[in-house]
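Student: next one to model:
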Amino acid sequence: MRRTILSPALSCFLVIQILITGCAVVPTCPTQLLPVIEVQVNNTASTHDDYLTTTGYTPCRARITNVNKVFGSGLNFPGGVEVELRNRRLSTDLTVSASSSGATTSFFATLPGNGNWLDFFIKGNTTSSIDKSAILEIASAGVTCNEVVLTRKGVMVPAGAPPIPATPVRPQVEIEVGSVSNLDDYIAWSPVGCRIKWDNPPGTTATLNVTLQNMSGADRLRFSNTSPAAGATATNATISVSLTGDGAWTQFYIAGNNGHPSINDKDAILEAVETSSGNLLAREGLMVRIRKNVNALTTDERDRYLEAVRDVHQTYNFYMLFKNSHSQTPIADVQAHSGSAFLPWHRAFVLHFERLLQSSDPSVAVPYWHFDQSSPGMFNPDFLGSNSSGNLVNLNATNPLVTWNIPGELVGIRRKTPYGDSGTPGSVTGTTTGVATEMSTLGLGADFVSFKGMEQTTHNGAHNNSGNTISWIAGSRATAPQDPIFYSLHGNVDRLWAKWQWINNRYDATQTNVYDRQGSFTSPVVAGQRLGQYVDDSLWPWDNVTGGTGLAQRPTTAPLTPFPITLGGIFPGSRPTIKLLIDFRLANFGYDDFFPY
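Tutor: Residues are numbered from 1 along each chain as shown. A predicted model of the protein is given here:
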């Protein structure tokens, strides 16, 4: 089967298709449909009045938009969805109440399953100087899938007059990024489809010319009027669009601005300005969510990541499923190692973990450990631990991972790293041969058959030199995922592959220089090659194929099935093949040190 080559921009339309087909799921409960939630402040779809005060409550409402089953009749959520309406984690910016006289920072409610609105009220506790920096969060609160963020809405509590005057004569516009939900307002370097329309025209024949741009001081977005071609992205600092009075949507595209990734949620702010008058009409808060070097993380970024990792393990109880999917038996080991599938298998593994992290906090991405460079941000008590006199790392009492507990092990993280607390590779014995440099890895060859050798050199060297024999990360493939550093190590392995793909333009999965094992396990048959190594093969455990014999043998269980499809990330699908994992740009993630366009 040959792959249909898609422009990255088309992924935005496929997001809409998800809403139609009802495929988006709750990542921590991938057999449960995701409720797609719309939130309105001041009970309007436009964001012109998304401004609060500290003295009075502002009426708001929320509803489920994907209420009806796609196939057959009936409701997707007949009993409604139990939720908590609250501030985002580590914030007390807002008072959120079921009534206009409450005084709570959160409350529990049930979103009606028939699409009716749930009314609620919010007000500011403190004023904010930056638009969209106060964030309302709605999270699941049911017996299952508890504490999963379902949407976030950015607002502002200005100290004085709001940036957009509340006058009925000023045009009001409505903007959607990806979908009506704010859960997919998280973008990377690839283009994402958006749309805008005029909500209060004086007549159906009227026209309104609007300029789309970044808010001053937040140059994180780029724009395009048309769908960028395959291999291209949005590159304009501003664009002009013409809106009609008949209520029709106008399509446009956005992408992250190279070199300007977000630091905080909703800090990439799209502005719609009336071209003729210069009047500000609307602002939409997004995030350019990029995987960053550990050393580049702010304190807040670091802490959000650690909190999310703790949630995946101790709230969602998912962490052990990852451990149990990685080389716990010889048959499980060969699914992921010592073959062509090593790189795509681990790309899926890290991406699945990252999507679970984003269930806890949508602003989080897996940071990578650039293991051939000094990484003081990695080996310290406030992040993943410094060396101690014993076998367990030092973690500060305020570190969310201080109670890290793997069943059958002592509480803590077992690691003694020769990198030392400064994270200096020069302190590792035999660095010149044991820890490959980025340059040497990228120089392995321009064809995949040569580059995949990085598993034995770059990857194995990083594992073997990151700890001593008592360390989980270096002890064995079975114990390595017990240490959270595993995901940053493999984040760097994936970054190196992605960078190699960019340098050599290796995205077309039908070519042997992009992936050497073409076809499938059944056609052509090559002696000695296992199921799961060919480009058209699906990958265990996500395909839920178990048992078998010989070269088709799989483990007896599939702990991580299926792969979670989210609003902002439909690739690589619920049952990924290697082919669907090749072009990482389609999966809505990127890295901070190169721009893949």
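Student: name the nearest residue to residue 458, ignoring sequence neighbours.
Tutor: Spatial nearest neighbour of residue 458, chain neighbours left out: residue 436 (4.2 Å); criterion: Cβ to Cβ, 6 or more residues apart in numbering. Any C-beta I mention is one placed from the backbone N, CA and C, and that applies to glycine too.
Student: show me what whichever strand or helix holds residue 197 is packed against.
Tutor: Assigned by DSSP states H and E, residue 197 belongs to strand 192-198. Applying 3 or more Cβ pairs under 8 Å, 6 or more residues apart in numbering; DSSP states H and E, one finds that strand 192-198 makes contact with helix 10-21, strand 173-177, strand 207-214, strand 239-244, strand 250-256.
Student: the residue nearest to residue 458 falls within a helix, correct?
Tutor: No: Residue 436 sits outside any helix when classified using DSSP: H, G, I helix; E, B strand; the rest coil, being coil.
Student: quick check: it vs residue 122, distance?
Tutor: Relative to residue 122, residue 436 is positioned 52 Å away (Cβ to Cβ, to the nearest Å).
Student: then residue 105?
Tutor: 10 Å.
Student: and for these two, which residues touch both?
Tutor: Shared contacts of residue 105 and residue 122 (Cβ atoms under 8 Å, 6 or more residues apart in numbering): 94, 95, 96.
Student: nearest spatial neighbour of the second one, skipping sequence neighbours?
Tutor: Meaning residue 95. Nearest one to residue 95, counting by Cβ to Cβ, 6+ apart, is residue 123 at 5.1 Å.
Student: circling back: which of residue 105 and residue 122 has more neighbours?
Tutor: Neighbours per residue (other Cβ atoms under 10 Å) separate residue 105 from residue 122, with residue 122 holding more: 22 against 16.
Student: quick check: the more buried one touching residue 60?
Tutor: Yes: between residue 122 and residue 60 there is a contact under Cβ atoms under 8 Å: 5.7 Å.
Student: and stretch 273-290, how far apart are its ends?
Tutor: Criterion Cα to Cα, to the nearest Å; first-to-last residue distance in stretch 273-290 is 28 Å.
Student: distance between it and the chain's centre?
Tutor: Put simply, stretch 273-290 sits 23 Å off its chain's centre (Cα atoms, centre = their mean, to the nearest Å).
Student: do the same with stretch 522-538
Tutor: Put simply, stretch 522-538 sits 30 Å off its chain's centre (Cα atoms, centre = their mean).
Student: same check on stretch 447-457?
Tutor: With Cα atoms, centre = their mean as the basis, the mean position of stretch 447-457 lies at 27 Å from the chain mean.
Student: what does stretch 521-531 give?
Tutor: Once both centres are worked out by Cα atoms, centre = their mean, stretch 521-531 turns out to sit 34 Å from its chain's centre.
Student: ok, now stretch 76-92?
Tutor: On Cα atoms, centre = their mean, the centre of stretch 76-92 falls 20 Å from that of its chain.
Student: pLDDT of it, averaged?
Tutor: Stretch 76-92 shows a mean pLDDT of 94.
Student: next, residue 40: secondary structure please.
Tutor: Assigned with three-state DSSP, residue 40 falls in the strand class.
Student: from what I can see it touches residue 60, true?
Tutor: Yes: using Cβ under 8 Å, residue 40 is in contact with residue 60, at 6.4 Å.
Student: what pairs with the strand holding residue 197, parallel or antiparallel?
Tutor: Applying DSSP bridges, strand 192-198 is found paired with strand 173-177 (antiparallel), strand 250-256 (antiparallel).
Student: and the contacts of that strand?
Tutor: 9, 11-13, 15-16, 171-178, 206, 208, 210, 212, 227, 241, 243-245, 247-255, 272.
Student: where exactly do the helices run in the stretch 351-500 of the chain?
Tutor: For the stretch 351-500 of the chain, helices defined by DSSP state H, counting those that start in this stretch occupy the ranges 431-434, 438-442, 448-451, 458-465, 472-475, 485-504.
Student: who touches residue 41 in this structure?
Tutor: Contacts of residue 41 by Cβ under 8 Å, 6+ apart are 47, 49, 50, 52, 58, 60, 122, 153, 155.
Student: and those residues, which two are furthest apart?
Tutor: 47 and 122 (14.6 Å; Cβ to Cβ).
Student: much appreciated, bye for now.
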